[in-house]
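Trainee: task: produce atomic coordinates for the following.
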Amino acid sequence: MEIKAVVDVARHSRRPVSWNGGKLEADGQYIHQPIPALIASSYSSRSPRDSRAKGAKLHYEPKPIDTSKVVLPDELLALTERLAENAHDIWAIKRLHEGWTYGPQRDDAAKKHPDLVPYANLPESEKNYDRNAAMETLKAIVALGYGIARSQ
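Mentor: Next up, the predicted model:
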């Protein structure tokens, strides 16, 4: 469940998310919410222009976990595609609940989006976005010293 949440939060939130001592952390604070609440909060409509940014100069310097030396074993590479599909499905469910529907072009005012289709029908560019987010999350988990094993 944690992997799904990290992929989802990383994909859909502007909050920096990381693991710290085995706990999920965002904005420097541990997240103690149940996973569904965490996922729901990652879809916040806040933007960098929200009340926290009024009158303040924003300086953001991304510092992702160094995953350059991580080589994922084959079984985790296979997991990447499933996590990518899952992240898309979570995003789509949220959009549908917000009243969005499929449209050939994105139209925010009409709540139409061309990616409200099954993962298999997405253009490769969109699949690659989801795959990259999933793979980098798996690599970050490994880089932080955690192991991922399928239960028997």
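Trainee: buried residues of the helix ranked longest in the chain, list them for me.
Mentor: Longest helix in the chain, counting residues (DSSP state H): helix 74-97. Using 16 or more other Cβ atoms under 10 Å as the test for burial, helix 74-97 gives 76, 79-80, 83-88, 90-92, 94-95. The C-beta positions use only the backbone N, C-alpha and C, and glycine is treated the same way.
Trainee: which strands or helices does that helix pack on?
Mentor: Here helix 74-97 touches helix 2-12, helix 124-143, going by 3 or more Cβ pairs under 8 Å, 6 or more residues apart in numbering; DSSP states H and E.
Trainee: check which residues of the last one are buried.
Mentor: Of the residues in helix 124-143, those buried by neighbour count under the rule 16+ other Cβ under 10 Å are 126-127, 129-131, 133-143.
Trainee: what residue ranges in the chain score low on pLDDT?
Mentor: Within the chain, the segments meeting pLDDT under 70 span 1-56.
Trainee: if you set the cut-off to 90 instead, what comes out?
Mentor: The chain contains residues with pLDDT under 90 at 1-58, 73-78, 148-152.
Trainee: you'd agree D130 is up against H88?
Mentor: Yes - judged on Cβ atoms under 8 Å, D130 makes contact with H88 at a distance of 5.3 Å.
Trainee: what's the overlap in contacts for these two?
Mentor: By Cβ atoms under 8 Å, 6 or more residues apart in numbering, D130 and H88 have these common neighbours: Y119, L122.
Trainee: hang on, the earlier thing: may I see the buried residues of helix 74-97 organised as TSV, with distance to Y60 added?
Mentor: Converted to TSV, these look like this (distance: Cβ to Cβ, whole Å):
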residue	distance to Y60
L76	30
L79	30
T80	27
L83	26
A84	26
E85	30
N86	28
A87	23
H88	26
I90	25
W91	23
A92	28
K94	25
R95	26
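Trainee: out of these, who's nearest R150?
Mentor: Nearest to R150 among the buried residues of helix 74-97: L79, at 8.4 Å, using Cβ to Cβ.
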